[in-house]
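Participant: give me a model of this one.
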Amino acid sequence: MVTPAVLSVRNLVKRYGENTVLHGVDLDVAEHEVVALIGASGSGKSTLLRCVNLLEEVDDGQVILDGADVSDPRADADAARRRMGIVFQAFNLFPHLSVLDNVTLAPRVVHGVPRRDAEARGVELLERVGLADRARSYPDQLSGGQQQRVAIVRALAYEPRLLLLDEITSALDPELVGEVLALVRELAAHGMTILMATHEMGFAKRVADRVCFLDGGVLLESGPPSQVLGEPVNDRTRQFLRRIIDTGRL
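Facilitator: Numbering: from 1, shown residues only. Below is the predicted model of the structure:
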């Protein structure tokens, strides 16, 4: 049985002035699937995620969420965003709010969840990631890894249909990367649908169901991690991975 696509990207084009950043990208993410986007800096990974989340206007093509074209100018973009959670490499936590208030703000203000219910859900999620004892702390009292885990919890607080992760370990010290990736691994094991841009090739190899290689805004290769990372068919993919291997990241 074919698993239905939660997300379908069709012939997606994004331009900044005369510069075309995405050249007709096609991509599907099935329910409960983890798809890892790999490629050099500037290859279009972050732009693709921002287009999917409708933070960037799509110049051509479609972003289809559960069968509905959410990139249609007539569609309610805010309603579509409420069904997706996105986490960036910068934690983007509100420094003047406690951890629990950061986590519960969107459910309360955007989704209209009563404070008691939002806080109960927030505490449950914080317990799940080992941060329940920091619920009343402020972001500057946490390590970078803890802040990023809070950012992920915040994205999960309103039970998104799709989780978008944009290089979430890039701003972390190496010793903190593992705790964040462990959380993503747990989310994947519990069936979360995830589209993530990452430089962590070893993690993509172990956790992703599919790996997609972007180069110059073109999706050049897509397939199981064992194939794309182990036996790539595209010359550009092989060149990219050779550089990664030389730096010890695969």
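
Participant: ok, the closest residue to V129 other than its chain neighbours - contacts?
Facilitator: Sequence neighbours aside, R149 is the residue nearest to V129 in space, at 4.9 Å (criterion: CB to CB, 6 or more residues apart in numbering). For glycine as for every other residue, the C-beta is placed from the backbone atoms N, C-alpha and C. Contact analysis of R149 by CB atoms under 8 Å, 6 or more residues apart in numbering lists 129-131, 179-180, 183.

Participant: just the buried ones from those?
Facilitator: 129, 131, 179-180, 183 (16 or more other CB atoms under 10 Å).

Participant: check those residues and tell me the two furthest apart.
Facilitator: The largest separation in the buried ones among the contacts of R149, counting by CB to CB, is between L131 and V180 at 12.1 Å.

Participant: returning to that earlier point: give me the element the residue nearest to V129 is part of.
Facilitator: Per DSSP states H and E: R149 is located in helix 144-156.

Participant: what about that helix, average pLDDT?
Facilitator: Helix 144-156 comes out with an average pLDDT of 92.

Participant: immediately after it, which helix or strand?
Facilitator: Going down the chain from helix 144-156, the next helix or strand is strand 162-166, by DSSP H and E.

Participant: and the residue nearest to R83 when sequence neighbours are not counted, what does it touch?
Facilitator: Once flanking residues are discounted, R83 sits nearest to R161: 4.5 Å by CB to CB, 6+ apart. Applying CB under 8 Å, 6+ apart, one finds that R161 lies in contact with 6, 65-66, 83-84, 193.

Participant: what's the longest helix in the protein?
Facilitator: Looking across the chain with DSSP state H, the single longest helix is helix 174-189.

Participant: ok, so of the buried ones among the contacts of R149, who is nearest S170?
Facilitator: For the buried ones among the contacts of R149, the minimum distance to S170 (CB to CB) is 10.6 Å, reached by V180.

Participant: isn't the closest one up against L165?
Facilitator: No - using CB atoms under 8 Å as the test, V180 is too far from L165 to be in contact (9.5 Å).

Participant: hey, what's in contact with both of the two?
Facilitator: Listed as contacting both V180 and L165 by CB under 8 Å, 6+ apart are I152.

Participant: what's stretch 182-190 in contact with?
Facilitator: Here stretch 182-190 makes contact (CB under 8 Å, 6+ apart) with 34, 129, 149, 152, 156, 163, 165, 168, 194, 196, 203, 206-207.

Participant: low-confidence bits of the chain, can you list those?
Facilitator: 1-3, 245-250 (pLDDT under 70).

Participant: which residue ranges of it form helices?
Facilitator: Along the chain, the stretches classed as helices by DSSP H are 45-52, 77-81, 99-109, 115-128, 144-156, 174-189, 201-207, 225-228, 235-246.

Participant: any idea how this structure splits into domains?
Facilitator: Domain segmentation of the chain under automatic domain parsing yields 1-83+163-250, 84-160.

Participant: starting at the chain centroid, how far to the longest one?
Facilitator: Meaning domain 1-83+163-250. How far domain 1-83+163-250 lies from its chain's middle: 7 Å, per CA atoms, centre = their mean, to the nearest Å.

Participant: relative to A79, how far out is the closest residue to E167 other than its chain neighbours?
Facilitator: Of all residues not flanking E167 in the chain, Q89 sits nearest, at 4.4 Å (CB to CB, 6+ apart). Here the criterion is CB to CB, to the nearest Å. By it, Q89 lies 26 Å from A79.

Participant: same check, this time on S41
Facilitator: 32 Å.

Participant: please report the distance of G122 from V113.
Facilitator: Plainly put, G122 is 10 Å away from V113 if you go by CB to CB.

Participant: of those two, who's got more company?
Facilitator: Remark: of G122 and V113, G122 carries more neighbours, 26 against 19, as counted by other CB atoms under 10 Å.
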